[in-house]
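Structure for the following, please:
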Amino acid sequence: MLGLGPQYDGGVKILLPPSEGKTPADTGSPLDLEKLSAPDLGPQRKKVLTTLQKVSKRKDALERLGVGASLAADVERNIVLDTLPCAPALLTYSGVLYEAMGAPELVAEASRNDTLSQRLRDVHVFSALFGQVSGLDPIPAYRLAMKTDLAGLGKLSTWWRPLLAKSFAVDPAEVVLDCRSSDYRAAWPGPNNQVVTVGAVKDTGTKRSVVSHWAKFYRGEFVGRLLCDDRPLPSSTEDLVARAAETYEVEFTEHTKTKPGALTIVLRD
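Here you go, the predicted structure:
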């Protein structure tokens, strides 16, 4: 893989959604909020964690967390989250996007490659429990969605929004590749002139339709390609779109005052 050089080449922040499914770690230290990136969010993370643990003990916990009976074991795990083994966020989250990204291989390679390690620290997963974490932050598998109305905190996307606005800063020279879903974008919309969202459409020649499953796959694949590339990371919207166009048929819609830029991957029959 990767003959990445010794110097970090940051210029892009990559924002990912969490996955509903998560992989519990078999081994590892228990959760230590002080070891997570963005330590200024520590008190708020503790507040959400404590509230989640209390809600998860209730008889109506499944209803309050908006999950079915098949996820009862996940909700029970919430009660003891602060005692469970942790793994890097990119290993804890699972699913189509993370598989297409090659997350396990990236994390393994990062332990031997300082540049890739720094790149993964500029991959940020937005989280209902933690606000946001970097790709290598150690976290446990939990069950909580950003759209949840959690006890006295209210809807978590709304609760986190002012906190993340202060905590999660983007340098004016950076471009932000946003692979998140709408609930997580609501928690931190970011500056429209720097954010580029990624979507996918299927074009049959006579009509177009938005695809969700394959959008997740291509978002993950594109992120993995960027992180593995020996070249410097894109440092502008133009660079980002050009890099995507090397592999995919793409269209780009410029940002406006009210909307971020939009990179669309076009899938044809």
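
Tell me which stretches of the stretch 151-269 of the chain form helices.
Assigned by DSSP state H, counting those that start in this stretch, the stretch 151-269 of the chain shows helices spanning 156-167, 182-187, 213-228, 237-245.

Go ahead and name everything in contact with the last one.
Among residues not part of helix 237-245, those counted as contacts by C-beta atoms under 8 Å, 6 or more residues apart in numbering are 12, 175, 177, 194, 196, 222, 225-226, 229, 234, 250, 252, 261, 263, 265. Bear in mind the C-beta positions are built from the backbone N, C-alpha and C, glycine included.

what bits of the protein have low per-residue confidence?
1-10 (pLDDT under 70).

need the strands for this structure, in chain order.
In the chain, the segments counted as strands under DSSP state E are 12-16, 87-88, 123-127, 131-134, 138-139, 149-150, 154-155, 175-178, 195-203, 208-210, 250-253, 261-268.

could I get those as a markdown table with mean neighbour count and distance to Glu34?
Shown next, in a markdown table, are these (neighbours: other C-beta atoms under 10 Å; distance: least, C-beta to C-beta, whole Å):
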| stretch | mean neighbour count | distance to Glu34 |
| --- | --- | --- |
| strand 12-16 | 24 | 23 |
| strand 87-88 | 23 | 17 |
| strand 123-127 | 25 | 17 |
| strand 131-134 | 23 | 13 |
| strand 138-139 | 24 | 11 |
| strand 149-150 | 17 | 23 |
| strand 154-155 | 14 | 26 |
| strand 175-178 | 24 | 27 |
| strand 195-203 | 19 | 30 |
| strand 208-210 | 11 | 41 |
| strand 250-253 | 16 | 41 |
| strand 261-268 | 18 | 36 |
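
Distance to Arg112 for those strands - can I get that in TSV?
Below are the strands of the chain laid out as TSV (distance: least, C-beta to C-beta, whole Å):
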stretch	distance to Arg112
strand 12-16	21
strand 87-88	14
strand 123-127	18
strand 131-134	18
strand 138-139	18
strand 149-150	40
strand 154-155	42
strand 175-178	25
strand 195-203	29
strand 208-210	39
strand 250-253	32
strand 261-268	31
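
List just the one of these that sits closest to Val48.
Among the strands of the chain, strand 149-150 comes nearest to Val48, with 7.1 Å by C-beta to C-beta.

Pairing partners for the closest one, with directions?
Strand 149-150 pairs in its sheet with strand 154-155 (antiparallel), by DSSP bridges.

residues in contact with the partner strand?
The contact list for strand 154-155, computed with C-beta under 8 Å, 6+ apart, reads Lys147, Thr148, Asp149.

Ok, stretch 259-269 next?
Outside stretch 259-269, the residues within contact range by C-beta under 8 Å, 6+ apart are 178, 189-190, 192-205, 211, 214-215, 218, 222, 237, 240-241, 244, 248-255.

residues contacting the residue nearest to Leu36 when sequence neighbours are not counted?
Taking C-beta to C-beta, 6 or more residues apart in numbering, and ignoring the residues beside it in sequence, Leu36 has Asp137 as its nearest neighbour in space, at 4.8 Å. Contact partners of Asp137, counting by C-beta under 8 Å, 6+ apart, are Lys35, Leu36, Ser37, Pro88, Ala89, Phe130.

ok, now how distant is Asp137 from Leu15?
Distance from Asp137 to Leu15, counting by C-beta to C-beta, to the nearest Å: 14 Å.

cool, and Ala186?
Separation of Ala186 from Leu15 (C-beta to C-beta) stands at 13 Å.
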